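A.B. asks: Model the following, please.
(one chain, ligands or ions: 2)
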Amino acid sequence: MPEIELTPTLTIPEHLVGEVQTKLAYVDERIIQAEVAGSGDMIKLQLFQEADDETVHEIDEKVQRVVTSMVKGSFKPKVQVLEDFQDRPVPYRLDPHDELLARGELNQEATGIFALGPLVTNVIEYFETRFLELAGSFEAAQHRFPTLIPASYMERVNYFSAFPHSLTFATHLREDLDVIDHFAQHAACNEHGALNTSRDSFASTQTLLSPAVCYHLYFSLADRSLPKGQVIATAVGNCFRYEAINLTSLERLWNFTMREVIFVGPKEFVLDNRELARQRMREILGEIGLAYHVESANDPFFIGEFRKQVAFQSAFQLKYEIRARLPFKESTLAVGSYNYHQDFFGRQLNMTLEDGSPAHTGCAAFGLERMAFAFLAQFGLDPQNWPPSMQHIWS
Ligand code: ATP
Ligand code: ZN
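C.D. replies: Ligands and ions are numbered 1, 2, ... in the order given. Alright, predicted model coming up:
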């Protein structure tokens, strides 16, 4: 594979290396791998095919734009660690991915899309019972939300400017007999799996695949006063975030499942319950024996919004992540988060408290596939090595 090396005009500080590297995936379709190398003063890109000077120049210009936008004037956010159980002894050290594939427990349908077999499903079901126990401790009302979400909803909460890169659009053929007949007779996929259908056969995009669960609750409460001034709800749902060349194994999926416990009400109500959720999860994760820590974090905003939003989220401690240990690569993976959105959704959606002021919102959100993956990475696939309280789920 042809590789090019670029020199960023600004050195990328260590704390931004991961974030910049992730965003390089969206710079140009010809990039198949991106790495920030050296001490942040070199960018290595692997391209699909040999590039002429003009192409390199074009890519270089876009890379510099990403780097400048994310690095210029940025400062290292103070990371606050709220819990640290990374040293818990765990019995396994290998990457479970290959063994799961070999056992037929994972079937990769496409990039970032996996079907899961019974072992992984049982581990997920176990975590689900624990999350439902958490939700039950708050007497959270159970909801079911659609997988699709209207574009107009997403517009109302500024999602398009914050996370444009990860959106997934849903469409259908135009209601036109000729278009449908033509499709029925000629639709075929090329060697890359892409349909040969022309874009004007599709209707305009009014719908997306939902990127998070809690938005659906906020939309159901929009333009009115909250019943009893507060709401606690829970739901599990399919979520979609297109993560380009960053999509790998169960760690980073295009289509994944999230369980959320959601709080809507006055500021103190949301903050107190977010804190309570964290403390109750600490008990549950302690019983399981998972090695993890919880630290302040930020959402993966796109480059234009990145610097401003990250500074804002850090300053107000809006997001804490549960980062589970992945012993096989001595790194960690975010398996869940405790979020506080202040009154952002309350204002955008005109969701009000009894006194007419905008409601505050927060959620505890858990990625089911990532939970299972981190568990299997720490405890392996043999139930004999699992915590005794979990051995019954798979025998
Ligand atoms: P928001 O604050 O926008 O509602 P959220 O808190 O609901 O976001 P995140 O914190 O972004 O959502 O994600 C929650 C969890 O979902 C993550 O901790 C992770 O476990 C899982 N997750 C997120 N993105 C992916 C992905 N691409 N693949 C697999 N799991 C993911
Ligand atoms: Zn949420």
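A.B. asks: Can you tell me the element the residue of the chain most remote from its centre falls in?
C.D. replies: Relative to the centre of the chain, and counting by C-alpha atoms, centre = their mean, the farthest-placed residue is Asp178 at 39.5 Å. Counting by DSSP states H and E, the element that carries Asp178 is helix 177-186.
A.B. asks: list the buried ones in that helix?
C.D. replies: Val179, Phe183 (16 or more other C-beta atoms under 10 Å). In this view, the C-beta of every residue, glycine as well, is placed from N, C-alpha and C.
A.B. asks: Would you mark the buried spots in the helix or strand following that helix?
C.D. replies: Note on helix 177-186: by DSSP H and E, the next helix or strand toward the C-terminus is strand 207-209. Neighbour counts over strand 207-209 (16+ other C-beta under 10 Å) mark Thr207, Leu208, Leu209 as buried.
A.B. asks: mind listing what the residue of the chain found nearest ligand 1 touches?
C.D. replies: Nearest residue of the chain to ligand 1, counting by C-beta to the nearest ligand atom: Gly367, 2.2 Å away. By C-beta atoms under 8 Å, 6 or more residues apart in numbering, the residues touching Gly367 are Phe256, Thr257, Met258, Ala334, Val335, Gly336.
A.B. asks: For the stretch 151-300 of the chain, just list every one of the helices.
C.D. replies: 151-156, 159-162, 177-186, 214-220, 267-288 (DSSP state H, counting those that start in this stretch).
A.B. asks: any chance of these in TSV, with mean pLDDT and distance to ligand 1 too?
C.D. replies: Shown next, in TSV, are those (pLDDT from 0 to 100; distance: least, C-beta to the nearest ligand atom, whole Å):
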stretch	mean pLDDT	distance to ligand 1
helix 151-156	96	11
helix 159-162	93	9
helix 177-186	98	31
helix 214-220	98	5
helix 267-288	98	11
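A.B. asks: Ala141 is nearest to which of those helices?
C.D. replies: Taking C-beta to C-beta, helix 214-220 is the member of these nearest to Ala141, at 9.6 Å.
A.B. asks: hmm, that closest one in reach of ligand 2?
C.D. replies: Yes - Helix 214-220 is in contact with ligand 2 by C-beta under 5 Å from the ion, via Cys214.
A.B. asks: what residues does that helix touch?
C.D. replies: 143, 145-146, 149, 153-154, 157, 210, 231, 233, 235, 237, 260, 262, 264, 345, 349, 351, 361, 363, 365.
A.B. asks: For Arg370, report the pLDDT, please.
C.D. replies: pLDDT for Arg370: 98.
A.B. asks: On the three-state scheme, it is what?
C.D. replies: helix (DSSP: H, G, I helix; E, B strand; the rest coil).
A.B. asks: and if you look at Glu61?
C.D. replies: helix.
A.B. asks: now the residue farthest from the centre of the chain: how far from Asn196?
C.D. replies: Distance check for Asp178 against Asn196: by C-beta to C-beta, to the nearest Å, it reads 17 Å.
A.B. asks: same check, this time on Lys308
C.D. replies: From Lys308 to Asn196 the distance is 42 Å (C-beta to C-beta).
A.B. asks: contacting residues for Glu330?
C.D. replies: Going by C-beta under 8 Å, 6+ apart, the list of residues near Glu330 is empty.
A.B. asks: Likewise for Val63?
C.D. replies: Applying C-beta under 8 Å, 6+ apart, the residues near Val63 are Leu6, Pro8, Leu24, Val27, Ile43, Leu45.
A.B. asks: one more time with 7 Å, if that's ok
C.D. replies: Leu6, Leu24, Val27, Ile43 (C-beta atoms under 7 Å, 6 or more residues apart in numbering).
A.B. asks: that's a helix at the third one, yeah?
C.D. replies: In other words, Val27. No - counting by three-state DSSP, one finds Val27 to be coil, located in no helix.
A.B. asks: For ligand 2, what is the nearest residue in the stretch 201-350 of the chain?
C.D. replies: Cys214 (3.3 Å; C-beta to the ion).
A.B. asks: Please identify the buried residues of the helix or strand bottoming out on mean pLDDT in the chain?
C.D. replies: Least confident helix or strand of the chain, by mean pLDDT, DSSP states H and E, is helix 303-315 with a mean of 84. Using 16+ other C-beta under 10 Å as the burial criterion, the residues of helix 303-315 that qualify are Ile303, Glu305, Phe306, Arg307, Gln309, Val310, Gln313, Ser314.
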